[in-house]
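Novice: Sharing a model prediction with you, sequence too.
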Amino acid sequence: MSSIRALAACFVALLLAACAPSGEPPATTAPPRPTTVIAAPAPAGTKTTSTIGLAEGVYIWQRLWLPANIAALADSRGLFSELRVLAAQDQPGEGWMEARPHLPSLRSDGRAVRPVIRLDGRLPTLDGNAIAGKAADLIGKWRAAGVNVDGVEIDFDCASARLGDYAKLLATIKAKLPQGVALSITALPAWLESPALAEVLAQADEAVLQVHAVTDPRHGLFDPKQAQAWIERFAKVDPKPFRVALPAYGSALVIDARGRRVGVESESGLPVAGERLELFADPQAVANLVRALRDRPPANLHGFIWFRMPLPGDRRAWPLATIAAVIAGKELHADFVAQLGESGNGASDLSVRNSGNLEAPLPVSVDVEGQGCSDADALPGYRVDRAGGKLRFVRDPQSHATLPATQTRPLGWVRCASLKTADLHVHP
């Protein structure tokens, strides 16, 4: 494994390990978006006219399901036709860990479910019989609970040099799976350089090509041009159906005072001091790739699997509104609307809501043109300006805070003799 591949494997391992359940309350602001976005936005208003149907699925990657998972499952019913659910992990020093999804919710949902078994790429050896036994146990348990299990997915960041052994491992697993259970695997672009890739794909019924978080983090989380090149090459390796894992999230690479990469923040923060290098999958860049693939899809491309299902408190995941807009080929845009709420003592709370489908920097200012506005105060990130006889909430020029689609951010409060929503004017 080259040094870059080793770093990439470490990045992926850290990223997935960071996706533990979060107990944070719903976020109203998001962290600064990165300068490490590799994308050239398409012209505004660009839409796809393709009628080609490619299936849409989503990864659900929490180890422990919370009520928010159940709500997200219901909210996603009209968007995704299948679910890939983290079921178990095998990690160095920890051994096997089973996730705890809410099986009654998956049963009542009714969509096709594929449990995912995550095998850490740092594991020195793997036991095919043990993995097959774990897969069979999970499938049996989930089916007994009424879940519509149609297969199992093995997610292993295998080094290219070990692909021959991985093919033998997959053969062992497949031979011991219950009859009629499809075997999926996650595939990495680095494998395209190995002659053993064909052996690996021969053992699987389906591959899911991951095109995000697979290179040196300094190059960003996702490069649409590189991803399309990988997809086109992969489609020619094997005629079997394959899908593409697409990013719908951001992460932060944590760098300590000595310049060492010490972790990856994703759904929740890490208790580690250090600089945060934000890595973000630009929705427009992903939309450009999706549009290109829908217009001219490889014959064996059967769909996309999105990583990951967003939950409240998951500050770096795209909201469903953004994923839905990308899938539908809609124009991506932010739309800020000022809102008023009752604060008491004659005062009103002032907030802004992004009612669009794209995250964007908070508004530069909000004018308040009510009658008899005698007092006001702003929350951190904004200040109150009364220049020119106008009352205005002005964003701190040093602030780079953004507001995800469908979320609301409070700005402060104001006291006026008369104030209506129509008296508020947002300046993006």
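Specialist: That came through, no problem.

Novice: which intervals of the chain have sub-threshold pLDDT?
Specialist: Applying pLDDT under 70 to the chain flags residues 1-52, 266-270.

Novice: hmm, try it at 50
Specialist: 1-52 (pLDDT under 50).

Novice: What residue in it is the furthest from its centre?
Specialist: Distance to the chain centre peaks in the chain at Gly372, reaching 46.2 Å (criterion: CA atoms, centre = their mean).

Novice: That one contacts Ala417, correct?
Specialist: Yes - shown here, Gly372 and Ala417 form a contact pair, counting by CB atoms under 8 Å, at 2.9 Å. (Each C-beta comes from the backbone N, C-alpha and C, glycine too.)

Novice: before we move on, the earlier item: tell me the contacts of the residue farthest from the centre of the chain?
Specialist: Cys416, Ala417, Ser418 (CB atoms under 8 Å, 6 or more residues apart in numbering).

Novice: who wins for most neighbours among these?
Specialist: With neighbours defined as other CB atoms under 10 Å, the most crowded of the contacts of Gly372 is Cys416; it has 21 neighbours.

Novice: domain assignment for this protein?
Specialist: Structural domains assigned to the chain are 3-328, 336-427, following automatic domain parsing.

Novice: thinking again about what came up before, make JSON lines from the contacts of Gly372 and add secondary structure to it.
Specialist: Shown next, in JSON lines, are the contacts of Gly372 (DSSP: H, G, I helix; E, B strand; the rest coil):
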{"residue": "Cys416", "secondary structure": "coil"}
{"residue": "Ala417", "secondary structure": "coil"}
{"residue": "Ser418", "secondary structure": "strand"}
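
Novice: Kindly provide the distance from Thr402 to Leu358.
Specialist: From Thr402 across to Leu358, the span is 10 Å (CB to CB, to the nearest Å).

Novice: Looking at the two now, which is surrounded by more residues?
Specialist: Between Thr402 and Leu358, Leu358 has the larger neighbour count (other CB under 10 Å), namely 23 against 20.

Novice: what helix or strand does Asp367 sit in?
Specialist: Assigned by DSSP states H and E, Asp367 belongs to strand 365-368.

Novice: Need the nearest residue in space to Leu201, chain neighbours excluded.
Specialist: Distances taken as CB to CB, 6 or more residues apart in numbering place Asp238 nearest to Leu201, at 4.4 Å, with adjacent residues excluded.

Novice: Tell me how far the one you found lies from Gln91.
Specialist: Distance from Asp238 to Gln91, counting by CB to CB: 29 Å.

Novice: what are the pairing partners of the helix or strand hosting Val58, and which direction each?
Specialist: Using DSSP H and E, Val58 sits in strand 55-60. Paired neighbours of strand 55-60 in the sheet (DSSP bridges): strand 82-91 (parallel), strand 301-307 (parallel).

Novice: Now whichever helix or strand comes after the longest one: buried residues?
Specialist: Once the chain leaves strand 82-91, the next helix or strand it forms, by DSSP H and E, is strand 95-98. The neighbour-count check on strand 95-98 (16 or more other CB atoms under 10 Å) flags nothing as buried.

Novice: contact partners of the following helix or strand past strand 95-98?
Specialist: Using DSSP H and E, the next helix or strand after strand 95-98 towards the C-terminus is helix 103-109. Contacts with helix 103-109, where a contact means CB under 8 Å, 6+ apart, come from 65, 69-70, 73-74, 77, 83, 85, 113, 141-142, 145-148.

Novice: Give me the buried entries from those.
Specialist: Neighbour counting by 16+ other CB under 10 Å classes Trp65, Asn69, Ile70, Leu73, Leu83, Val85, Val113, Trp142, Val147, Asn148 among these as buried.

Novice: Could I get these in TSV, plus columns for distance to Val181?
Specialist: Converted to TSV, the buried ones among the contacts of helix 103-109 look like this (distance: CB to CB, whole Å):
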residue	distance to Val181
Trp65	23
Asn69	24
Ile70	26
Leu73	22
Leu83	16
Val85	15
Val113	12
Trp142	11
Val147	13
Asn148	12
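
Novice: Out of these, which comes closest to Arg100?
Specialist: Nearest to Arg100 out of the buried ones among the contacts of helix 103-109 is Trp65 (CB to CB; 6.3 Å).

Novice: longest helix in this structure, by residue count?
Specialist: helix 128-144 (DSSP state H).

Novice: So what touches that one?
Specialist: Under the contact criterion CB under 8 Å, 6+ apart, helix 128-144 has outside partners 87-88, 90, 96, 98, 103, 106, 113, 115, 117, 119, 149, 152, 154, 168-173, 175-178, 181.

Novice: returning to what we had before: what's the spacing between the residue nearest to Leu201 and Val152?
Specialist: According to CB to CB, Asp238 and Val152 sit 19 Å apart.

Novice: Which of the strands paired with strand 55-60 sits closest to Ala55?
Specialist: Of all these, the one in closest proximity to Ala55, counting by CB to CB, is strand 301-307 (3.2 Å).

Novice: which residues sit against the closest one?
Specialist: Residues outside strand 301-307 that contact it (CB under 8 Å, 6+ apart): 54-59, 61, 80, 82, 84, 206, 208, 212, 231, 235, 241-249, 290, 293, 323.

Novice: Please tabulate the contacts of Gly372 in a markdown table, including the columns distance to Ile185.
Specialist: Formatted as a markdown table, the contacts of Gly372 follow (distance: CB to CB, whole Å):
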| residue | distance to Ile185 |
| --- | --- |
| Cys416 | 62 |
| Ala417 | 67 |
| Ser418 | 64 |
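
Novice: with those residues in mind, which one is nearest to Ser351?
Specialist: Checking the contacts of Gly372 against Ser351 with CB to CB, the nearest one is Cys416 at 15.7 Å.

Novice: wait, doesn't that closest one sit right on Ser343?
Specialist: No - here Cys416 does not reach Ser343: they are 11.4 Å apart, not a contact under CB under 8 Å.

Novice: still on that earlier bit, in terms of neighbours, single out the busier of Asp238 and Val152.
Specialist: Comparing Asp238 with Val152 by other CB under 10 Å, the one with more neighbours is Val152, at 27 against 17.
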